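1. Take this sequence and fold it.
(one chain, ligands or ions: 2)
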Amino acid sequence: MHLTKDQLKKFDEDGYLFFPNLFTKEEIKCLSSEVPKLYNIRAEYNYREKGSDLVRTNFAAHLYSKPFAKLARHPRMIQPVEDILKEKLYMHQFKINGKMAFEGDVWQWHQDYGTWFNDDLMPESRAMNIAIFLDDVTEFNGPLLFIPGSHKKGVIKANHDLTTTSYPLWTIDNKLISELVDRAGGKEGGIVSPKGKAGSMIVFHSCLVHASSNNLSPFNRISVYLSLCAVSNHIKRYKRKEYIAHRDFTPIECLPDDCLIKDYQVDLPWEKGVPESAYQTSLDEISK
Ligand code: SIN
Ligand code: MN
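-> Numbers count the residues shown, from 1 in each chain. Ligands and ions are numbered 1, 2, ... in the order given. Alright, predicted model coming up:
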């Protein structure tokens, strides 16, 4: 699925594009029916909410779960980002975020590239996020919030927050957020929140400032995030474990458009378990 000139222009202005109902119910079921099994696994790659057993984020399912391995090669997800970055892509990060009913915790205001730059030494912000909704996303279950156009600011000063949630994040302070929201239109469009049915997709720039509040509703908000990086822009440091920040820079080759509902051959290199090397980091090297 390629982007039109108008979509590319809109993406450049706003830093995101929203595609309601891009995947069918049948396609989404192939993915969502697999999630409980993945969340039940007792493994380090399942980050649980602070003080709870519910999964906040499952990492790297595309390396051990067939439906998600196929999603990671889906032309409706890969080609729009290739059109924006004009280069082949590799998978920098792959997550299934739970944001489960009543307990799904907040994601503080941040830019993803802030973390990728500070932790992984990714040279430039030539990387994008794609979110696909596995549940309906409404105003009640903690939808993503964006500050339109904030990607134009480049890398914004951030602080490493290790305490608010179970997941360390480089977050942006409230004063700066207020200024950015004001500049984007204040109460008139300074914050937007794409909502829609399961199967909807968002493409957003790695410098777009975003957040989401906690989920007080009785409705789960499970979403999958692909973080795709231009191959020439691969990370230069392995400070984070490999299930969080990938080290395989092989260009992604797309499968056919019907890949979620038909059987195609895909590699599942971590099907029998995560290799020991994926837990090693450059910090281990330094402390030796
Ligand atoms: C993220 O920013 O990486 C996740 C945000 C969310 O799932 O709401
Ligand atoms: Mn993020």
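2. Nearest to ligand 1: which residue in this protein?
-> residue 212 (3.3 Å; Cβ to the nearest ligand atom). All C-beta atoms are positioned from the backbone trio N, CA, C, and that covers glycine.
3. dump the residue contacts of that residue.
-> Contact partners of residue 212, counting by Cβ atoms under 8 Å, 6 or more residues apart in numbering, are 99, 106-107, 142-145.
4. Same question for residue 157.
-> Per Cβ under 8 Å, 6+ apart, neighbours of residue 157: 172, 176.
5. how many other residues sit next to residue 153?
-> 17 (other Cβ atoms under 10 Å).
6. re earlier: what bridges to the residue of the chain closest to ligand 1?
-> For residue 212, the beta-bridge partners are residue 107, residue 144 (DSSP bridges).
7. Are any of the contacts of residue 212 buried, and if so which?
-> 99, 107, 142-145 (16 or more other Cβ atoms under 10 Å).
8. Now for these: which two are most distant?
-> Distance extremes for these: the farthest pair is 99 and 145 at 12.9 Å, using Cβ to Cβ.
9. Enumerate the residues of the chain near ligand 1.
-> By the rule Cβ under 6 Å from any ligand atom, the part of the chain lying against ligand 1 is 97, 99, 107, 144, 210, 212, 223, 225.
10. Next, the closest residue to residue 166 other than its chain neighbours: secondary structure please.
-> Closest residue to residue 166 apart from its sequence neighbours, by Cβ to Cβ, 6 or more residues apart in numbering: residue 50 at 4.4 Å. Under DSSP: H, G, I helix; E, B strand; the rest coil, residue 50 falls in the coil class.
11. who touches the residue nearest to residue 14 when sequence neighbours are not counted in this structure?
-> Ranked by Cβ to Cβ, 6+ apart and with sequence neighbours excluded, the top spatial neighbour of residue 14 is residue 148, at 4.6 Å. Residue 148 is in contact with 13-16, 184-185, 189-190, 192, counting by Cβ under 8 Å, 6+ apart.
12. quick one on the thing from earlier: of the residues of the chain next to ligand 1, closest to residue 167?
-> Relative to residue 167, the closest of the residues of the chain next to ligand 1 is residue 107; by Cβ to Cβ it sits at 8.3 Å.
13. how close does the closest one get to residue 185?
-> 22 Å (Cβ to Cβ, to the nearest Å).
14. Residue 121 now?
-> 34 Å.
15. Tell me the secondary structure of the spatially closest residue to residue 174 that is not a sequence neighbour, please.
-> Ranked by Cβ to Cβ, 6+ apart and with sequence neighbours excluded, the top spatial neighbour of residue 174 is residue 109, at 7.9 Å. Following three-state DSSP, we place residue 109 in the strand state.
16. Surely residue 204 is within a strand?
-> Yes: applying three-state DSSP, one finds residue 204 inside a strand.
17. Assess the claim that it and residue 18 are in contact.
-> No: if you go by Cβ atoms under 8 Å, residue 204 and residue 18 don't touch, sitting 9.2 Å apart.
18. Identify the residues contacting residue 244.
-> Neighbour list for residue 244: 59-60, 93 [criterion: Cβ under 8 Å, 6+ apart].
19. ok, of those residues, which come out buried?
-> Buried, going by 16+ other Cβ under 10 Å: 59-60, 93, out of the contacts of residue 244.
20. Drop everything from those that is not in strands and list the rest.
-> Under the assignment DSSP state E, the buried ones among the contacts of residue 244 contribute 59, 93 to strands.
21. show me the residues around residue 50 that make contact.
-> Applying Cβ under 8 Å, 6+ apart, we find residue 50 in contact with 105, 165-166.
22. Check residue 83 too.
-> The contact partners of residue 83, by Cβ under 8 Å, 6+ apart, come to 2-3, 8.
23. Those residues in helices, which ones?
-> Under the assignment DSSP state H, the contacts of residue 83 contribute residue 8 to helices.
24. thinking again about what came up before, can I get the contacts of residue 148 in TSV with pLDDT and distance to residue 256?
-> Compiled in TSV, the contacts of residue 148 are given as follows (pLDDT from 0 to 100; distance: Cβ to Cβ, whole Å):
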residue	pLDDT	distance to residue 256
13	97	32
14	97	30
15	97	30
16	98	27
184	95	39
185	95	41
189	95	38
190	97	41
192	98	33
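25. In ChimeraX, how would I select just the buried ones from those residues?
-> Selection of buried members from the contacts of residue 148 for ChimeraX, criterion 16+ other Cβ under 10 Å:
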select :14,15,16,184,190,192
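26. could the contacts of residue 148 be laid out in TSV, adding secondary structure and distance to residue 231?
-> Output for these, formatted as TSV (DSSP: H, G, I helix; E, B strand; the rest coil; distance: Cβ to Cβ, whole Å):
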residue	secondary structure	distance to residue 231
13	helix	26
14	helix	26
15	coil	22
16	strand	23
184	coil	32
185	coil	36
189	coil	35
190	coil	35
192	strand	31
